[in-house]
Every structure is written in C-alpha cells, then in structure tokens.
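In: sequence and predicted structure below; questions after.
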Amino acid sequence: MPGQTRRRALMAVLALAATGWSASAAAQFKPDPLTATTLPAKSSPHWVWVNDIVFHHMADGKSFLVDGDSGRMLGMLSTGFGNNGVVLPANGATILSAEVYFTRHTRGKRTDVVTLYDGRKLSPVAEIEIPPKRASAMPMLALARLTDDDRFLLIYNYTPAQSVSVVDVKARKFVGEIDTAGCALVYPTGARSFFSLCGDGTALTVQLDDAGKAKSKARTTKLFDAVKDPVTEKAVRDGNTWLFVTFRGEVVPIETTSAGTRAGARWSLLDAADRKASWRPGGLQHLALHGGTRRLYSLMHVGGNYTHKDPGTEIWVYDLAGKRRVQRIALKDPATSIAITRDAKPLLFAVFIGAQKVDVYDPAAGKLLRTIGEIGFSPTTLVTY
C-alpha cells in the first residue's frame, strides 16, 4: 500500500474510533440543569455590596453581594465600564447603578444608563438613558446618591464641565441636568436638596422642586481651607450633618438646617502624641459611621503629607458625643475601604484595593471573624443595607 494511502487509511480508522468514543461519552454525560436562585424577600443587615472597578479590564465592572455571617458570595452584577458602585434605596426592592457602555465594548458610541436591578433576582428590570457625562473617576460614594425620600437619583458628571444629572426613580425617567461649575459630587440634605463641594472651600447648595428641577442655588461661606488643609470627599452622614475629615485629621461637620448650610465646631481625630507619631487618616473610603451607637470609624496609617490615599493599618473608633477616641482596632491586613452594618450587633467590613478578599471584623471586640476570599479583582467601595 503506498505511503499516502496508508496515512489516509490510518486517519479514517482514528476518526471512526474517536466518533465511537464521543458517542459513548455523550450517552453517559448528563448536563447539569440550569437553575436560578432568588434571594430572600428581606435582605440581611449583614449583607454588603463590594464594588469592583476591575482595573485589569475596566470595561467589565462588577459588584458582588456578600453575606458577612456565612462568608458566602450570594450574587454578582455586571455594571459596565469603570464601575462607580451600586446605590440602594431603603426598601431594598431595587438596586440602582449608573453605568457606561460602548458599542465596541472598549470604544465606539458611548451610552450612559441607570440600570434598575431586581433586588431578589439580581436581574435588570429597566434602563433609564442619561446624558453620556457620568464621571469616570476613582469610585467614591458621593458620585451618585439618592434624595432622602429615594425619589431622585443624583449623578455627578465630569466632562470636564461639572454638573449633576437628575433621574426620577419613581417615574423611571431622566428629568434634567443641573450645572455645578467649580463644584463636585453629591451630598443629599433632604428630600429635595443637596450640596456639592467647591474648589474654593465653599459648597454649592441646591434646592429641587417636585419635578426634580433646580429651583434655587446658592454658595455657602467658606467651610474649610482648600489649600492649607483640604477635606477629603469621603464624608459620612450623621442626621443633618455630613462629617468630613481633612488631610491632617481635623473633623469638619457641615450642617444643614432651615437657616442654611454651614460648618460646625471642628475637632481632631489626633492628639499631640498621635501627631508626633505621624498618624493620619487615609484610604479610598476611610470613614464609616454606626448611627445607633454614634461611633465614627476611621482608617489610620503612619505617613507624611499628602498620604491621604494610603491604606490604613488600624481602625480608630470615636464617640461622637464626647468627640474622643474609645478604641483602636489593629487590622490583620491593610485596608483602603471600610463599612459597618446598621443593626444593633454590627459587622465591620474592610477591603484593600489590591487584594481579592473581604475581611469581616467584630467591631465591639475588635477582632477578625473571617476572611471571604476570591471576591473580584480590585475591590473599591462597600455599601451595606
């Protein structure tokens, strides 16, 4: 038999044998059925959303839902380019996310939307198109916030012109854009009001009407020195007051009352010994507040000037009533963001943007309870229920 003929015959035999093996294997193989899981109707107070900008491939942002008690990942949302994080209305029925998409995945025509996800199935139920201006920035909680009655979602834009898009969540429509030239981010102060921080140390206050349009805007007096000791934008809210912290560790309460928005009495996270040892606050979201106990939590590290983005090695705990430190929690690993649950027996969560895990602490005992691994690629901000 000529060599070429022998090769053809051998290939035919091998192909026949492979076909027989494949048929036999297919007969034995039983594919797993596709199933869908629905979350409980009532969310646990110990659930936390871990937002991930996915620095390795930013076109594929994600947010992960994690149970702090069981240590399990319960679900995931795919949230588009440069994920800024999810926003949770009080009723928990929906999850909101301001998202960016391109027709060619990483290029092409840009479309910005607010996606509404079912809070139990984690599936999209509606999209609201908004102007293609949503800020693509290092994630921070003040990039998108709800008004106090959950009616309007306020989304910070940067093109580099600065403005705020207003979305009527109830009517599921974009209602308008508010110019905030020179002022950034969103800090709600009521059902129809918010302020933005301005580069000169003032704030721009905005009053909305019932249609979500701006009916008045005003600048405050100077609230902080934006040159000598600026505040970070990582504020937490305590009733009618937003608590900001400066690079040097000064707490700047910004209060909104019927008389307007103004700065309250300052106090410091640091005493003389702390300053001598070069302790400073820092991180991506370095503040958390537990409203029930009125305890303020701050990530702290040892560093020099302008290290306000460095990870913390400890969490310091302050009694807001007495404006004094009451506890120091040494972290097992450095963290760039923290969050605390709102219930009477809270959990304290910590993540580092360079580690794919979530550390869960008992804040009362100051000890690590568990580490939840394999969560995302570059976790940024945390959002609790």
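Out: Perfect, I can see it now.
In: residue 130 and residue 164 touch, don't they?
Out: No - Residue 130 is beyond contact range of residue 164, at 10.8 Å (criterion: C-beta atoms under 8 Å). Quick note: C-beta positions are derived from backbone N, CA and C, even for glycine.
In: the more surrounded of these two?
Out: When residue 130 and residue 164 are compared for neighbours, residue 164 comes out ahead with 26 against 23, by other C-beta atoms under 10 Å.
In: how about that one, secondary structure?
Out: strand (DSSP: H, G, I helix; E, B strand; the rest coil).
In: wait, what's in contact with it?
Out: 154, 155, 156, 157, 177, 178, 180, 186, 194, 196, 206 (C-beta atoms under 8 Å, 6 or more residues apart in numbering).
In: thinking residue 237 is in contact with residue 289, fair?
Out: Yes - using C-beta under 8 Å, residue 237 is in contact with residue 289, at 7.2 Å.
In: overlap in contacts, the two.
Out: Common neighbours of residue 237 and residue 289 (C-beta under 8 Å, 6+ apart) are residue 243.
In: those two: who's more crowded?
Out: When residue 237 and residue 289 are compared on other C-beta under 10 Å, the one with more neighbours turns out to be residue 289, at 20 against 15.
In: the closest residue in space to the more buried one that isn't next to it in sequence and residue 287, how far apart?
Out: Among residues not flanking residue 289 along the chain, residue 236 sits closest, at 4.1 Å (C-beta to C-beta, 6 or more residues apart in numbering). Distance of residue 236 to residue 287, computed by C-beta to C-beta, to the nearest Å: 5 Å.
In: shared neighbours of the two, which are they?
Out: Shared contacts of residue 236 and residue 287 (C-beta under 8 Å, 6+ apart): 243, 296.
In: beta partners for the residue nearest to residue 289?
Out: Residue 236 has the following beta-bridge partners by DSSP bridges: residue 243.
In: wait, it touches residue 253, no?
Out: No - counting by C-beta under 8 Å, residue 236 sits too far from residue 253 to count as a contact (10.8 Å).
In: more crowded one of the two?
Out: Legend: neighbour count by other C-beta under 10 Å for residue 236 and residue 253, higher for residue 236 (22 against 19).
In: mind listing what the more buried one touches?
Out: Applying C-beta under 8 Å, 6+ apart to residue 236 gives the contacts 242, 243, 287, 288, 289, 296.
In: the first one: how many residues sit nearby?
Out: Pointing back at residue 242 there. The burial count for residue 242: 23, using other C-beta under 10 Å.
In: give me the distance between it and residue 36.
Out: Using C-beta to C-beta, residue 242 is found at 40 Å from residue 36.
In: where is the longest strand in this structure?
Out: Ranked by residue count and defined by DSSP state E, the top strand of the chain is strand 324-335.
In: give me the contact list for the helix or strand that that strand is followed by.
Out: Following strand 324-335 in sequence order, the next helix or strand is strand 337-340 (DSSP states H and E). Applying C-beta under 8 Å, 6+ apart, the contact partners of strand 337-340 are 48, 283-290, 297, 299, 312, 315, 346-351, 353, 363, 379-384.
In: so which of those are in strands?
Out: Judged by DSSP E, the subset of these located in strands is 48, 287-290, 297, 299, 312, 315, 348-351, 379-384.
In: from those, list just the buried residues.
Out: 48, 287-290, 297, 299, 312, 315, 348-351, 379-384 (16 or more other C-beta atoms under 10 Å).
In: now do the contacts for residue 72.
Out: Here residue 72 is in contact with 66, 372 (criterion: C-beta under 8 Å, 6+ apart).
In: tell me the confidence at it?
Out: Predicted confidence (pLDDT) for residue 72: 97.
In: gap between it and residue 360?
Out: Residue 72 is 12 Å from residue 360, by C-beta to C-beta.
In: just the helices from the chain, written as ranges.
Out: According to DSSP state H, the chain carries its helices in the segments 3-28, 272-276.
In: of these, which shows the lowest average pLDDT?
Out: helix 3-28 (a mean of 58).
In: hmm, back to that, what do residue 236 and residue 253 both touch?
Out: With C-beta under 8 Å, 6+ apart as the test, residue 236 and residue 253 both reach 242, 243.
In: just to revisit the earlier point, among the contacts of residue 236, which two are most distant?
Out: 242 and 288 (13.7 Å; C-beta to C-beta).
In: nearest residue to residue 42 other than its sequence neighbours?
Out: Closest residue in space to residue 42, ignoring its immediate chain neighbours: residue 92 at 7.6 Å, by C-beta to C-beta, 6+ apart.
In: neighbours around the one you found, how many?
Out: Neighbours around residue 92, by other C-beta under 10 Å: 15.
In: wait, it touches residue 150, no?
Out: No - contact criterion C-beta under 8 Å: residue 92 and residue 150 do not qualify, at 10.7 Å.
In: please consider this matter closed, and thank you.
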